[in-house]
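Peer 1: need coordinates for the below:
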Amino acid sequence: MGGFSADKIFNDSHLDVMKELGSMGTAHAATALAKLINRKVTMPVPNVSWVEFSNVADFMGGPDSTVVGILVSVTGQIQGMMMFLMPLPAARSLTKAFLGAMGAPLPMEREEGSIEFDEMEHSVIEEAGNIMISSYLSSMAGLTNINFKPSVPFVAIDMAQAILSVPAIEFGKMADRVLFLESQIQVQAEEGKENVDCSGCFILVPNLHSFYRILRALGVE
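Peer 2: Next up is the predicted model:
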């Protein structure tokens, strides 16, 4: 791979390229989500950084904090996985905002900290997470002209440390840092009410060869 290594991946020029991909991905995601619920969805350019994988849980409130994770595996010319993570309160806000916008019955109120989600809430989270991840991956495919296939999304609700153990096992074979995208998501509320904050983060975990392929396709050495 022309001397390409994990250490060479993590530099400013490569990060700038991934920021551009993140910007396009979130723009597409906001448009797709807005069409789904017929309300304005705002997703500013995400904060993008390389983060030590062992520190990712700290960005979600700590290893023991409860989070909702949507995981998609990627196969083909790009191999790896992508995950969208939301703190539990943000996931609750997301389901209420989407169900309200679609005129569906709102979920019942639950005790603080409850990880119970009914079938409709689960479907909303899966669909929203799938749209956001797919939008990012579609932007990558369009810019790189690389063919790859995302899997059916898998939704998990658990402590951050437990959810992150899945990509950690795979990523630990490759390097010690991960591409981390903090995304602010605002859903337009009904008139007279505050917009709904459904912010979360993306984690992109391609293997080294896939990173090399992405960057080469974008003209970055």
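
Peer 1: in this protein, where is pLDDT below threshold?
Peer 2: 1-11, 104-108, 110-113, 170-176, 190-194, 221 (pLDDT under 70).

Peer 1: where exactly do the helices run in it?
Peer 2: Remark: helices assigned in the chain by DSSP state H are 6-9, 12-37, 56-59, 88-101, 119-144, 160-171, 208-217.

Peer 1: among these, which is nearest Trp50?
Peer 2: Closest to Trp50 of the helices of the chain, according to Cβ to Cβ: helix 12-37, at 6.6 Å. Where C-beta positions appear, they are placed from N, C-alpha and C, glycine not excepted.

Peer 1: other SSEs contacting the closest one?
Peer 2: strand 41-42, strand 47-52, helix 88-101, helix 119-144, strand 177-183 (3 or more Cβ pairs under 8 Å, 6 or more residues apart in numbering; DSSP states H and E).

Peer 1: in TSV, list the ones you listed along with mean neighbour count and distance to His209.
Peer 2: Putting the helices and strands packed on helix 12-37 into TSV (neighbours: other Cβ atoms under 10 Å; distance: least, Cβ to Cβ, whole Å) gives the following:
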stretch	mean neighbour count	distance to His209
strand 41-42	19	35
strand 47-52	16	18
helix 88-101	21	33
helix 119-144	19	14
strand 177-183	21	15
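
Peer 1: so which of these is nearest Ala30?
Peer 2: Nearest to Ala30, of all the helices and strands packed on helix 12-37, is strand 41-42, at 4.7 Å by Cβ to Cβ.

Peer 1: so which elements touch the closest one?
Peer 2: helix 12-37, strand 186-187.

Peer 1: need the longest strand for the chain.
Peer 2: strand 66-76 (DSSP state E).

Peer 1: ok and that one relative to helix 208-217, angle-wise?
Peer 2: Computed by axes from the mean of the first three to the mean of the last three Cα atoms, to 10 degrees, the angle separating strand 66-76 from helix 208-217 equals 70 degrees.

Peer 1: quick check: neighbours of strand 66-76 in the sheet, parallel or antiparallel?
Peer 2: Each strand that pairs with strand 66-76, with its direction, by DSSP bridges: strand 80-87 (antiparallel), strand 148-150 (antiparallel), strand 154-159 (antiparallel).

Peer 1: start and end of stretch 198-212, how far apart?
Peer 2: Taking Cα to Cα, to the nearest Å, stretch 198-212 runs 33 Å from one end to the other.

Peer 1: mind listing what's buried along it?
Peer 2: In terms of neighbour count (16 or more other Cβ atoms under 10 Å), stretch 198-212 has its buried residues at 198-208, 210-212.

Peer 1: quick one: that stretch to chain centroid distance?
Peer 2: 8 Å (Cα atoms, centre = their mean, to the nearest Å).

Peer 1: picking up where we left off before, please identify the most buried of the strands paired with strand 66-76.
Peer 2: strand 80-87 (a mean of 24; mean count of other Cβ atoms under 10 Å).

Peer 1: restrict it to CA atoms and write it as CSV.
Peer 2: Listed next in CSV are the C-alpha coordinates belonging to strand 80-87 (Å, rounded to 0.1, in the frame of the first residue of the first chain):
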residue,chain,number,x,y,z
GLY,A,80,-15.6,-1.7,8.2
MET,A,81,-18.5,-0.3,10.2
MET,A,82,-20.2,2.9,11.1
MET,A,83,-22.2,3.7,14.2
PHE,A,84,-24.5,6.5,15.2
LEU,A,85,-24.8,7.0,19.0
MET,A,86,-27.2,9.1,21.0
PRO,A,87,-27.5,9.7,24.7
